[in-house]
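J.: this is a predicted model, with the sequence first.
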Amino acid sequence: MRSFQTIAEFKAYRKSLLDAKDKGKPCLVICGGTGGQASGSNDLIRVIKRQILEQNLHDRLSLRITGCLGFCEMDPFIIVEPGYNLYPKLKMADVPRIVAAAVKGEVVEDLLYREPGSTVIRFSEQDIPFFQGQTRIVLGQNQRVDPIRIDDYLRIGGYAALEKALAGPDRGWIVEEILKSKLRGRGGAGFPTGKKWEMARGQRSPSGRKYVICNADEGDPGAYMDRSMLEGNPHLIIEGMIIAALAMEATHGIVYVRTEYPLAIKHATIAIREARRMGLLGKNILGQGFDFDIETFHGAGAFVCGEETALIKSIEGKMGEPRQRPPYPIVKGLFGCPTCINNVETLANVPYILSHGADAYLKIGAENNAGTKIFSLVGKIKNTGLVEVPLGTPIGKVVHEIGGGPSGTAKIKAIQTGGPSGGCIPASMFDLPIDYDSLAKAGSIMGSGGMIVMDQNTCMVDVAKYFMNFLQDESCGKCFTCRKGTQRLHEILEDITLGKGTPEHLVLLEELARTVKDTTMCGLGQTAANPVLSTLKYFREEYERHIVDKRCDAFVCKQLTGAPCQAACPVDTEPWRYVAMIERGDYEEAYRVIRSANPFPAVSARVCDRKCESRCTLGVSGGEAIAIRALKRFVTDRVKPSVYKPTPARKKRMKVAVIGAGPAGITAAHGLSLLGYGVTIFEAEDRPGGMLSCSLPAYRLPRDIVAREIKTLVNKNIKFEFGRVLGRDMTIHDLFVDKYDAVFLAFGAHESMRLDLKHEDVEGIYPSIEFLKAFNMRGEELARGHVGVIGGGNSAVDAARVALRQKDVTGVSLFYRRTREEMPAYEEEVEAALEEGVRIETLISPVKILARQEEIEAALREGVELETLVSPIRIHSRKGRLADIECIRNRLGDVDATGRRRPVPIPGSEFKVKLDTLIVAIGERPKSGFLANMGLEIDKGGRVRVNPKTLATNLRGVFAGGDLVTGPNTVIDAVAAGKKAAESIELYLRKQPLPRPARPKLPEVYIEPPQDPGSEGRTNRRAANPALTPAERIKNFREVEMTMPEKTAREESRRCLRCDLAFTAHKSADGAAPAAKEGEQHD
Amino acid sequence: MSSEEIEKIVSDYVERQGSIIAVLEAVQNRYRYLPEEALRIVARQTGRRLVDIYGVATFYKAFSLKPRGKHLISVCLGTACHVRGGQAIAEEFMSQLQIKAGETTPDGEITFETVNCLGACALGPTVVVDGHYYPHVTRSQVGGIIADALAGMERDDGAAGARLFPIHVSCPNCKRSLMDYDRRLDGHPSIACVIAYDGRKGRLGLSSLYGSRASEVELEVPMNEPCRFYCPHCHEEMPHYSNCVECGSPMAALYIRRGCAYEVCTSRGCPGHLLNLDQPNMK
């Protein structure tokens, strides 16, 4: 390698490189950074090299091994230049095809990038939303250089800014330019870099030494942009450092890298060596009479050393305790010499500013926040990776457009920025622009650029506890309030997560947090309270849930969760317990376990939405959840309900009226009857069951199952009055006059929402409830011909499938305004509907419904005014019938209040669909207007307002639950409401205070685990329930799902991880060892 | 471990005016922990009080005063890994290894620790075993990772054949083949060179399987000392075009074909090697 004595020689060398570069040769680019290597890129590189060597392709194809390219979610991936075709998540076996195609200038379509869930191929990097939303003035260069080859950096204009700086009029010019660019420190605090340099330039050093330190002690957990810059483009940082040194006449440079970054250390070391060899470092740089050299220093694992005075002490070989400022390091720093410390990313911006000019730089970003910032977008986000955006970009754009939204099905709740010094910003504030000042105002800080996305499965109390644990560990201990304060904060948070929290704890937390903030010396202590204060500010109700209700809704805090399957169940079933009983072959006991919690075992075994399975530890830790519902089905199909015989208490004198014989009403009546109360159930229809009978289709829930199950719940204390309707036949007041002591309202939500379009009432259009009821209760088949269904919920899908089974139907289309991913129906029901032949059209919303032209003409001939035709009543009276609907296509826009992206109509995309029947299934609401006249509080959606903990309404003695309170909801939630109502009503009748104090629901019964768990051969594959094939089930109402065979059920039950044992093992005969294990859980 | 050895490590650094932290790092790299003896020697040689050295050794997490296991398993508990369930992974390791974080198994095989952030946040939860990263770790993988650690990271997933492949090299000067068909390494003809150190010469056989580190040396060379590489036919020295990315020593360039070189680190014991498909000096 040549060493250069003059700028001219150096320039000539760069030119020779550019001339020699064989243009037009395709190049495979692959990340060899820490992330790429961890994902297996080394293997791909080997295969590429092998292909090139063995097929003698090195003249026709080049390979560039780069540092981090930012799209880490897709690692390992290859980008093929010049087309920038991106092949994500590759396997070794894919490589030969890519090599072969690249040589020929072709692409391998099936391996190219697609957005998750989409079939549209994105041919080029520029077409991918992740890259489109970014401005990569710094990070973008990583793709163009192999970090261990200085020539690559020179080819893209590297060190040209240094040439300019060296040749410039005077060195003060550099400082002027940086000042003008308004560059602010990217390490977090945002101090103007130009100002710092100006001060450093003005310092005289008695010893003649002046230091420039690059702070790459990137300690903020969740941030890795500095590592990626140093790993991927070390010469950029070195160039920035040399320019800084030149500007402030510094003599020595140090790159302070944390020891956890071995590859960054390696690449920085190589780069420094190469730069030195070329004459860019050392004595008389490029013959310009300027001496400067750089060495690396390895931080030894102390977070506080990111603080500049602590960092200096650590280089001096002391403990890294911060000291009081002033004097600032600029005046008196390393070994007493003036020292300027800049963050990696700050230095990485310097060459750009000098090359392009401060004016160009100022055009990027926002007022007083010029330029870009790199964020590490990580956590519960689809596209994890490094993103570089102009300052001032709204958080929402980064999270949803670039990041692609949540990684799973759970909604995004917050982002955390600024590491342990930062705070959490809730999703409701995602309009906030990302700049130093806005983030600080929101209670967080920019920090070094970690952006950790949190969803509903993240517990904010746990997050605060996590950071306090981090900080109590990393506090250097010099200031008492930081050392002890962080410990005490951690202890209080720990208590809250263990279920020992009290409301007073919250007051104490806030007071203590403010004390720590106000009374500590360095940045670590002053910001240590931010994680606590920001979560308290935005997520106080989560703290209260932990303290008052003893619940962790994210299922993170173990002592509040117990066995997740049990905690998830609205009716407190112990799935772990009956699964264990199935494993032991004791099916009757399994039935009793199920039945003791849930009066509707056979119904639930078919239509429960399985909250237990969604929380199964096996399912959330990399395996597939236990098929709990299928196991319940196995038990309920096999065991006679009579094995569970509750004995009703002696009959009491008090009476309760229950309105509505759906799952909520019957559950409440059953519970109260066992306590001895006389219960009368008033039901508008002619039979019990509510939605179970009238809405749920028989192929999912056979009618005899419903009837049989209800029969087991009725006893001599329960009386039915059918055909009796509240509001029509009696009032609440009448019930009290009739000597009822309490009333439970549970008559559901039976009013279909309307599209609010003209002609909505023409013939052939049915609200879904009406359509389903007509069929389920009266056997009427209302659908014929081509049927359209509008809506994306379960009732839409049910309606579509019922329609498909009716004899005059030729086809069914379902129209929904969002995409398949956002459909609120159960996933498997959608799958099943698709299998059966239902077409799903997404991103469509209907705009207007047209009555058939001939009919309009006929009406006109008969002398009717055209305007009157738009009146739905008139069309009905004229036998107007639906002909077609006109739809408009949507695109997904911003995220709305439900956390889903809003459908935005695309103008000009209207189209018509010819339909014979249209079923409107966009939701239901309670028919509850009359209740307001009886003095009940009703909300806008027609739902009755209750105290959620007791179900008590604003009227004394009147309780309400089920769909009437929540709007359309699941069967199991209705059953839960019934149970809660029975409990509350009993407390009310016994004149006891409501509600009972909450306590965590933890497993209590010890059941011995299988002696030979057979973990060796244990599979993670979930057992599937047998089901009818689409051909077998179409056009009939036979039940689709069947029971699994005994052998399958036993095997499935054996897969259970038995989360309960952590809580019950101390009750075993030889409980000593397991009890110790439980102790660990408490730590 | 001997006092002399420690003294030498320490004095090397003191001579080069390295900082205390770098000295301790060097000692720990050698012994995997900081023996008491070493702290005393560092204090003596640097003229600082033992209490200061002890303070530094205990302040920084990278240092351990207790002997550590042969293998190090680190579970990242950075925020990104934490929200993706890193804590459960750490608990699974502790339960399977039956030790707590920061402890070593009684047989001295494995030290387990949790770290605050490895900066591999996109891969979370991340586990690192002796420098090898495991991305997106789930609880069910934990047992396998421990097995890998004990086996020394020599994974055999059936893809080894695709990873290792034979190359043919010749002398860049005389262009005669360096392949030795009689002496085989890894079941393939070896690459024959002559190396010189300290005025003595000897034969060096290298595996011709790219990716394998197998070699045979007939000359005693102390570890980490650079040698000179010669052609056994024309006795010319192999050219150096670049430096080893691992240790910085010159790499000896062997010829594959125009523009393609196999570059091998000349330092004894260094694993650095590179299949350079774009070596302009070989054109």
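T.: That came in fine, so what should we check first?
J.: break the chain into its domains for me.
T.: Picking chain A for this. Using automatic domain parsing, the domains assigned to chain A come out as A:25-81+A:85-123, A:144-363, A:369-452, A:459-548, A:564-645+A:1003-1067, A:655-750+A:926-989, A:753-923.
J.: wrong chain, I was asking about chain B
T.: B:3-59, B:71-150, B:163-282.
J.: next one: the longest one, is it in contact with chain A?
T.: In this case it means domain B:163-282. Yes. Counting by Cβ under 8 Å from any Cβ of the partner chain, contacts between domain B:163-282 and chain A involve B:163, B:165, B:167, B:210-211, B:243, B:245-246, B:248, B:256-257, B:259-260, B:275, B:277-278, B:280. The C-beta positions use only the backbone N, C-alpha and C, and glycine is treated the same way.
J.: right, and the domains of chain A - which one's nearest B:Cys193?
T.: domain A:25-81+A:85-123 (20.1 Å; Cβ to Cβ).
J.: which residue would be the closest one in the stretch 1-150 of chain B to chain A?
T.: B:Thr138 (2.4 Å; Cβ to the nearest Cβ).
J.: for that residue, give me its contacts.
T.: Listed by Cβ atoms under 8 Å, 6 or more residues apart in numbering or on different chains, the contact set of B:Thr138 reads A:621-623, B:89.
J.: let me know the closest of these to A:Leu931.
T.: A:Ser621 (46.1 Å).
J.: isn't that closest one up against B:Gly86?
T.: No. Look at A:Ser621 against B:Gly86 with Cβ atoms under 8 Å: they stay out of range, at 11.6 Å.
J.: more neighbours: which of the two?
T.: Applying other Cβ atoms under 10 Å in any protein chain shown to A:Ser621 and B:Gly86 shows that B:Gly86 carries more neighbours, namely 23 against 19.
J.: give me the nearest residue to the more buried one, chain neighbours excluded.
T.: Once flanking residues are discounted, B:Gly86 sits nearest to B:Pro125: 4.1 Å by Cβ to Cβ, 6 or more residues apart in numbering or on different chains.
J.: pretty sure that neighbour contacts B:Thr79?
T.: No. The criterion here is Cβ under 8 Å, and B:Pro125 misses it with B:Thr79 at 11.5 Å.
J.: more neighbours, these two?
T.: B:Thr79 (31 against 27).
J.: can you tell me the closest non-neighbouring residue to that one?
T.: With Cβ to Cβ, 6+ apart, the residue lying closest to B:Thr79 is A:Gly222, at 3.8 Å.
J.: same deal with A:Arg209?
T.: A:Cys337 (4.4 Å).
J.: need phi/psi at that neighbour.
T.: phi -90, psi 160 (degrees, to the nearest 10).
J.: that one: neighbour count?
T.: 20.
J.: B:Asp180 too?
T.: B:Asp180: 18 surrounding residues under other Cβ under 10 Å.
J.: doesn't B:Arg203 make contact with it?
T.: No. With contacts counted by Cβ under 8 Å, B:Asp180 stays clear of B:Arg203, the gap being 9.1 Å.
J.: joint contacts of those two?
T.: B:Ala192.
J.: tell me the SS of the residue in chain A that chain B sits nearest to?
T.: Going by Cβ to the nearest Cβ, chain B is nearest to A:Gly622 of chain A, at 2.4 Å. Assigned with DSSP: H, G, I helix; E, B strand; the rest coil, A:Gly622 falls in the coil class.
J.: try A:Ile243
T.: helix.
J.: how about the contacts made by it?
T.: By Cβ under 8 Å, 6+ apart, the contact set of A:Ile243 is A:161-162, A:165, A:174, A:350-351, A:354.
J.: same thing but 6 Å
T.: Shown in contact with A:Ile243 (Cβ atoms under 6 Å, 6 or more residues apart in numbering or on different chains): A:162, A:165, A:350.
J.: where does the chain dip in pLDDT?
T.: Answering for chain A, as no chain was given. Along chain A, segments meeting pLDDT under 70 span A:1, A:21-23, A:819-879, A:896-900, A:1012-1020, A:1033-1035, A:1069-1083.
J.: hmm, no, I was thinking of chain B.
T.: B:1, B:16-18, B:153-162.
J.: in it, which spans are helices?
T.: Under the criterion DSSP state H, chain B contains helices at B:3-15, B:20-31, B:36-46, B:50-59, B:79-83, B:86-97, B:142-150, B:160-163.
J.: the stretch 551-700 of chain A too?
T.: Applying DSSP state H, counting those that start in this stretch to the stretch 551-700 of chain A gives helices spanning A:558-561, A:564-568, A:575-584, A:587-597, A:601-607, A:611-615, A:617-620, A:628-638, A:663-674, A:691-694.
J.: turn those into TSV, including mean neighbour count and distance to A:Arg2.
T.: TSV is the format used below for the helices of the stretch 551-700 of chain A (neighbours: other Cβ atoms under 10 Å in any protein chain shown; distance: least, Cβ to Cβ, whole Å):
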stretch	mean neighbour count	distance to A:Arg2
helix A:558-561	23	63
helix A:564-568	23	65
helix A:575-584	24	71
helix A:587-597	21	80
helix A:601-607	24	77
helix A:611-615	21	64
helix A:617-620	20	58
helix A:628-638	23	70
helix A:663-674	28	83
helix A:691-694	24	82
